[in-house]
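Trainee: The sequence and its predicted three-dimensional model are supplied below.
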Amino acid sequence: MNKQDLMETTLSTEPIFDGRIFSVRKDVVALPDGQESTREVVHHKSGGACVVPLTADGMVYIVRQCRYPYADVLLEIPAGKLDPGEAPEQCAARELKEECGVTAGKLTSLGTLYPTPAYVDEVIHMFLAEELSPAVQHLDDGEFLEVEKLPLETLVEQVLSGEVKDSKTQAALLKTWILKGRK
């Protein structure tokens, strides 16, 4: 069976909601066997970028912030949505400076992540930031977070224990751990 044999074909689309960051639509699709089904899709209007800010001594800048849908404060790497026309690398560098007050001399792609592929089309671009230098932190209006530095090894342990719940943070930290030869 090849990839094409698994594809679904859109037959119709009905807009449900159109917001500032995302829209929602209901699609009717033809399944590979010819049957019809319904798909509810959340379309993220820009996508985003996240960054693992790693110091020379193995520390990672990490942020704690409230995530309203979960009524919880999560431990996450710096991240944000792409501005119109902004390259993912620019977004990662901007978010690093805005949230943590540091800039990177070296930015390495860690690939892309589809955080919820069953019904959301968001793409998050992951980066590793190294050769860090102090800068001025400048949070967005309405953005509240705490910045701290933790050892990469501790954060990987927290991913494995379930303490770090955010998918982009989990994936990017584990990729960084492997990329840096720590297995």
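Mentor: Done, it's in.
Trainee: residue at max distance from the center of this protein?
Mentor: Each residue of the chain has a distance to the centre, and by Cα atoms, centre = their mean the biggest one is for Gly34: 34.8 Å.
Trainee: pLDDT weak spots in this protein?
Mentor: The model of the chain has pLDDT under 70 over residues 183.
Trainee: which parts of stretch 122-134 are buried?
Mentor: 122-130, 132 (16 or more other Cβ atoms under 10 Å). (C-beta placed from N, C-alpha, C; glycine too.)
Trainee: Equivalent analysis for stretch 46-63, please.
Mentor: 46-55, 59-63.
Trainee: And the furthest pair within these?
Mentor: Spanning the widest gap among the buried residues of stretch 46-63 are Ser46 and Met59, at 30.1 Å by Cβ to Cβ.
Trainee: returning to what we had before: mind checking which of the buried residues of stretch 46-63 are in helices?
Mentor: Among the buried residues of stretch 46-63, no member is found in helices (DSSP state H).
Trainee: hmm, back to that, just the ones in strands from the buried residues of stretch 122-134, please.
Mentor: Cross-referencing these against strands under DSSP state E gives 124-130, 132.
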